[in-house]
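Visitor: compute the structure for the input listed below.
(chains A and B)
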Amino acid sequence: QVQLVESGGGLVKPGGSLRISCAASGFTFSDYFMHWIRQAPGKGLEWVSYISSRGSPKKYADSVRGRFTISRDNAKKSLYLEMNSLRAEDTAVYYCARGPPYDYWGQGIRVTVSS
Amino acid sequence: QSVLTQPPSASGTPGQRVTISCSGISSNIRSDTVNWYQQFPGTAPKLLIYSNNQRPSGVPDRFSGSKSGTSVSLAISGLQSEDEADYYCAAWDDGLNGPVFGGGTKLTVL
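Guide: Below you'll find the model as predicted:
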């Protein structure tokens, strides 16, 4: 069955960096666009970034452009999000999702930016 | 502020029919299909409706979607207590070249 499993979250200080990962299984990973979507505490869903099936093109939300980098390794069936210059407002649960229409989501990984 | 507009809350009693609206503009809802997601506290969103009115396998037919112009609606008939959750609409925005979400609607079953 299709599974997406995020890892790598945690607590980081403002200005710091973090890399989160999403391991895919149960489907042909290299056939799909993949997205990162986040949800700040008590807030709604916010799209962060996407990457095409072959790794280009990529697209970012204005709020993270220039600070976050999305990448993928189709051989390892993995999706990544490198997050730099982190801010308090980046605190959220980060989900990887297949698609759209986002028919499968990971369980989410919490990223907390705080001093 | 979300690009797509949803009411923050909705409610109904068991057995009732409830609708949740989602409005956008020509670059998103009018030009592309809309998807709906259901989210329970502490869990990942789940695809509920795709391409305006299609249900993924396993979603009860109590859930239905419709679209008219730049507005879409999610209808839940025969409301059940387990339907109490947050509901989000989403669509691709041609101007942003990315997806946009509604702010979410918290459904309470009274």
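
Visitor: rest of the way, CA atoms for contacts and neighbours
Guide: OK.

Visitor: and the strands in chain A?
Guide: Ranges of strands in chain A, per DSSP state E, are A:3-7, A:10-12, A:18-25, A:34-39, A:45-51, A:58-60, A:68-73, A:78-83, A:92-98, A:104-105, A:109-113.

Visitor: quick one, which of those is nearest to residue B:91?
Guide: Set against residue B:91 and scored by CA to CA, the strands of chain A come closest in strand A:45-51, at 11.1 Å.

Visitor: thought residue B:9 was touching residue B:106?
Guide: Yes - here residue B:9 lies in contact with residue B:106, judged by CA atoms under 8 Å, at a distance of 4.6 Å.

Visitor: mutual contacts of those two, please.
Guide: Taking CA atoms under 8 Å, 6 or more residues apart in numbering or on different chains as the contact definition, residue B:9 and residue B:106 share no neighbouring residue.

Visitor: more neighbours: these two, which one.
Guide: The residue with more neighbours, out of residue B:9 and residue B:106 and counting by other CA atoms under 10 Å in any protein chain shown, is residue B:106; that gives 21 against 13.

Visitor: what does the pLDDT read for that one?
Guide: Model confidence at residue B:106, given as pLDDT, is 98.

Visitor: quick one: the strands of chain A as TSV, columns for distance to residue B:17 and mean neighbour count too.
Guide: Shown next, in TSV, are the strands of chain A (distance: least, CA to CA, whole Å; neighbours: other CA atoms under 10 Å in any protein chain shown):
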stretch	distance to residue B:17	mean neighbour count
strand A:3-7	33	19
strand A:10-12	42	15
strand A:18-25	38	20
strand A:34-39	29	24
strand A:45-51	25	23
strand A:58-60	38	19
strand A:68-73	42	20
strand A:78-83	40	21
strand A:92-98	30	25
strand A:104-105	28	20
strand A:109-113	35	21
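
Visitor: looking at those strands, which is nearest to residue B:75?
Guide: When the strands of chain A are compared (using CA to CA), the closest one is strand A:45-51, at 20.7 Å.

Visitor: next one: stretch B:6-24 to chain centre, how far?
Guide: Taking CA atoms, centre = their mean, to the nearest Å, the mean C-alpha location of stretch B:6-24 is offset from the chain mean by 9 Å.

Visitor: next, the distance between the ends of it.
Guide: Using CA to CA, to the nearest Å, the span of stretch B:6-24 from its first residue to its last is 9 Å.
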